[in-house]
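Novice: coords below, sequence missing:
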């Protein structure tokens, strides 16, 4: 990275780096290692197009109740998005559809570790892990941002 002088203050150059904006962009968006089209990760979930991009969240989300919201990258709620969970020790899948405010809820999910998948036509799918625990913060919610693209 090569510094360049863009301004002077009190006779001294102020050094800035042109890559600062790029670094912010890289941290704000998923890296190439987070994007995948791994069909095994979404086995049993609602099918997406074969070329569909899947964003994988690496950190589990811990909640007491399986509820949350989905929004687009501009913060607008996404209606009719599908949120699905599968208990890791089972093949049973439970689904919820978002309402006009982008909210969803899966009632009475027993404590355990679940794989989840969030999908909406025209958007990248999001997959990850959600842990349902009685000791989790009762106000914790699943909040997902869906990025445009297939």
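Specialist: Great, that's in hand. Since the model is a prediction, treat every value here as computed from it, not as a measurement.
Novice: relative to residue 54, how far out is the closest residue to residue 82 other than its chain neighbours?
Specialist: Counting by CB to CB, 6 or more residues apart in numbering, residue 82 lies nearest to residue 119, which is 5.0 Å off, once chain neighbours are set aside. The way it works is simple: take the backbone N, C-alpha and C, and place the C-beta from them, glycine included. As judged by CB to CB, to the nearest Å, residue 119 and residue 54 stand 9 Å apart.
Novice: in the chain, which spans are strands?
Specialist: 4-9, 12-16, 35-36, 54-56, 61-63, 66-72, 82-87, 93-97, 103-106, 112-119, 125-132, 142-146 (DSSP state E).
Novice: need these in JSON lines with mean pLDDT, can you?
Specialist: What follows is those, written out as JSON lines (pLDDT from 0 to 100):
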{"stretch": "strand 4-9", "mean pLDDT": "46"}
{"stretch": "strand 12-16", "mean pLDDT": "44"}
{"stretch": "strand 35-36", "mean pLDDT": "40"}
{"stretch": "strand 54-56", "mean pLDDT": "86"}
{"stretch": "strand 61-63", "mean pLDDT": "96"}
{"stretch": "strand 66-72", "mean pLDDT": "96"}
{"stretch": "strand 82-87", "mean pLDDT": "95"}
{"stretch": "strand 93-97", "mean pLDDT": "95"}
{"stretch": "strand 103-106", "mean pLDDT": "97"}
{"stretch": "strand 112-119", "mean pLDDT": "95"}
{"stretch": "strand 125-132", "mean pLDDT": "95"}
{"stretch": "strand 142-146", "mean pLDDT": "95"}
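Novice: now mean neighbour count too, for those strands, in a markdown table please.
Specialist: Shown next, in a markdown table, are those (neighbours: other CB atoms under 10 Å):
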| stretch | mean neighbour count |
| --- | --- |
| strand 4-9 | 9 |
| strand 12-16 | 10 |
| strand 35-36 | 14 |
| strand 54-56 | 19 |
| strand 61-63 | 19 |
| strand 66-72 | 20 |
| strand 82-87 | 20 |
| strand 93-97 | 15 |
| strand 103-106 | 18 |
| strand 112-119 | 21 |
| strand 125-132 | 20 |
| strand 142-146 | 18 |
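Novice: wait, the residue nearest to residue 82 touches residue 80, no?
Specialist: No - in this structure, residue 119 is not within contact of residue 80 by CB atoms under 8 Å, at 10.3 Å.
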